[in-house]
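S.K.: pasting a predicted model and its sequence here:
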Amino acid sequence: MVSELIRNLGRIPRRVIYTLTVIIIALPLLIPWNLPVSVEPMTKTFFDTIQSLEGTGKRILLLCCIMPEFWGEARHEYFAVVQHIFLLRDVKLIIGPIAGPPTVGLIHQLLFEVHNPLNKTYGVDYVVLPLIPAMEPALGALARDFRACYKTDERGTPIDELPIMKGVNTLDDFAIVIWGEPIKMSIMAARILYPQHPKVTYLVLCNTEGWTFVAPYVGPGMPYKSALWGIRPAAEYQLLYGGPYTEAVQYMDCLSGYHVLIIILIILGNVAAIAATKKREGQ
Amino acid sequence: MGVVEFLTTSLGAIIILGYFSFIFYKENPWSRWAEYSLVGLGVAYGAVITTWRAVDYVLGSIGEGDFSIIVPVILGLLVYSQFTKKYRWLMRWPLAIITSVGLTVSLTGVPLTMFLAQFKAVAVPLTTTRSVFDAVNAIIILVGVVTILSYFTFTHEHKGALGISAKIGRLIMMLALGGAFGMSILSQGTFLITVIRFLLRDWLGVI
């Protein structure tokens, strides 16, 4: 009886699993659990690198390729980082969408929704450059001659008329370059941008799935100094700068519940598989 | 919530529920409509943005007297030769150039980032690590690299020391693949959280 029940664990209908998942995720949204979130050293390094620019008047270049299918997760990192930069005094942000056309719309959504507490001015404190619809050749061109890649900003204003772009000719004119892409293009960027401009500090925004591929390129002596890779680091980052955008922090309870459910399902599935194997061997 | 906002939010919710009908029920016209809408909108949006960006850049360059831009324009237009049987072969030229340029640009950084930096990361002196955990990590990475390389050594039979090393290498690879799969599950969970929050807060307004 018990052994039959154990073997049947491997045959739980998928609808039951999906329903349980939806319930476990919805519960903390309705009744928050307020579980504590600790900050990992990598997130702290990312935060400190950007924070160190406060009051310096230096520029940060955010080059990004965002796909809508990853936006649900990636948006929290982008919101956190852009919000943090907007909270800093005298730090300029230049955003350059690359490769994926949806990036343009998502960047506009981000700038529309993110809080701008210091009322940063477009063209002076931040600017959006037009999309470069290519991958390796685009990165190669940016590394070789950044200025030649852009004649106007995204609104059609000539680059020379934008105060924020005065004196910007190459990637070396940026204190930090943040590369944002969900999965593998981050490796491509590390291979192309870093060798030609090694003095610039590079940071990366990827998603949880892509972290496995990007991780070997992050850390001391690597192209990327630090990384945010998904909702958990985004939540840590939001705690570090102290909001007001804290959506990722609110998601942590849901994520913890989801993890527990997945771990239980993995254990049940393995127990069922072992029981089934033992039964076959017994026969 | 205004009427327009309510309608757009409801449209989003209907599309999401269409996807959900696939996993909770089976493939049906609603789920197919949701899927095709996303693909169609994505392609249309991409086509418009990319075309205007290209046209803007080309016209801007010509306006500045840079006529060399005409060469890549012609190469780009050659891609459309695939729609004719007689001139389909012309498409190979732009493709060959795109591929070779991409590879060249990408490969120039390979020795530094994929070899030297990785070698340095593997051979971290234990005296330079910041904590005990870092030291343990450094040892695991070194052991992992050596044993996995031994697993892919096919010129000798996997027996004796090489056999043990290969087994350890396989185990570490399995752990890495399991970790990668776990990351994927974690990622999907985040998407689901975002979607459920959208339905509960933005659409239904219950949180």
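M.R.: Yes, it's here.

S.K.: which stretches of the chain have low pLDDT?
M.R.: Looking at chain A here, since you left the chain open. In the predicted model, chain A carries pLDDT under 70 at residues A:1.

S.K.: OK, contacts around the residue nearest the centre of it?
M.R.: Nearest to the geometric centre of chain A sits residue A:205, at 3.7 Å (CA atoms, centre = their mean). Counting by CB atoms under 8 Å, 6 or more residues apart in numbering or on different chains, residue A:205 makes contact with A:64, A:74, A:77, A:78, A:81, A:178, A:179, A:180, A:181, A:227, A:228, A:229. (C-beta placed from N, C-alpha, C; glycine too.)

S.K.: quick one, domains of chain A?
M.R.: Here the domain parsing of chain A from automatic domain parsing is A:2-31+A:252-282, A:41-245.

S.K.: can I get the ones you listed in CSV with distance to residue B:96?
M.R.: Formatted as CSV, these follow (distance: least, CB to CB, whole Å):
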stretch, distance to residue B:96
domain A:2-31+A:252-282, 46
domain A:41-245, 13
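
S.K.: most packed of these?
M.R.: Mean neighbour count (mean count of other CB atoms under 10 Å in any protein chain shown) peaks for domain A:41-245 among the domains of chain A, with a mean of 20.

S.K.: re earlier: so how far is residue B:53 from the residue nearest to the centre of chain A?
M.R.: Distance, residue A:205 to residue B:53, by CB to CB, to the nearest Å: 23 Å.

S.K.: again with residue B:66
M.R.: Distance, residue B:66 to residue B:53, by CB to CB: 17 Å.

S.K.: more crowded one of these two?
M.R.: residue B:53 (18 against 13; other CB atoms under 10 Å in any protein chain shown).

S.K.: so the more buried one is in which element?
M.R.: Residue B:53 belongs to helix B:29-63 when assigned by DSSP states H and E.

S.K.: tell me which element residue A:228 falls in.
M.R.: strand A:224-229.

S.K.: are there helices or strands packed against the next helix or strand after that strand, and which ones?
M.R.: Using DSSP H and E, the helix or strand that directly follows strand A:224-229 along the chain is helix A:231-241. Packing partners of helix A:231-241 (3 or more CB pairs under 8 Å, 6 or more residues apart in numbering or on different chains; DSSP states H and E): helix A:41-51, helix A:68-87, strand A:224-229, helix A:247-282.

S.K.: got those as JSON lines, with distance to chain B columns?
M.R.: Converted to JSON lines, the helices and strands packed on helix A:231-241 look like this (distance: least, CB to the nearest CB, whole Å):
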{"stretch": "helix A:41-51", "distance to chain B": "9"}
{"stretch": "helix A:68-87", "distance to chain B": "4"}
{"stretch": "strand A:224-229", "distance to chain B": "9"}
{"stretch": "helix A:247-282", "distance to chain B": "4"}
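
S.K.: residue B:35: which of the ones you listed is closest?
M.R.: Evaluated with CB to CB, the helices and strands packed on helix A:231-241 place helix A:68-87 nearest to residue B:35, the distance being 12.0 Å.

S.K.: tell me the gap between the closest one and the middle of its chain.
M.R.: Between the centre of helix A:68-87 and the centre of its chain there are 6 Å (CA atoms, centre = their mean, to the nearest Å).

S.K.: residue B:57 against residue A:152, yeah?
M.R.: No: the pair residue B:57 / residue A:152 is not scored as a contact, 9.2 Å apart, by CB atoms under 8 Å.

S.K.: overlap of the contact sets of the two?
M.R.: residue A:130.

S.K.: find the residue at the geometric middle of chain B.
M.R.: By CA atoms, centre = their mean, the mean C-alpha position of chain B lies nearest to residue B:184, the distance being 12.4 Å.

S.K.: ok, it - contacts?
M.R.: If you count contacts by CB under 8 Å, 6+ apart, residue B:184 has them with A:208, A:209.

S.K.: and it, helix, strand or coil?
M.R.: Counting by DSSP: H, G, I helix; E, B strand; the rest coil, the backbone at residue B:184 sits in helix.

S.K.: same deal with residue A:94?
M.R.: Judged by three-state DSSP, the three-state class of residue A:94 is strand.

S.K.: excluding its backbone neighbours, what's nearest it?
M.R.: Excluding its sequence neighbours, the residue lying closest to residue A:94 (CB to CB, 6 or more residues apart in numbering or on different chains) is residue A:61, at 5.0 Å.
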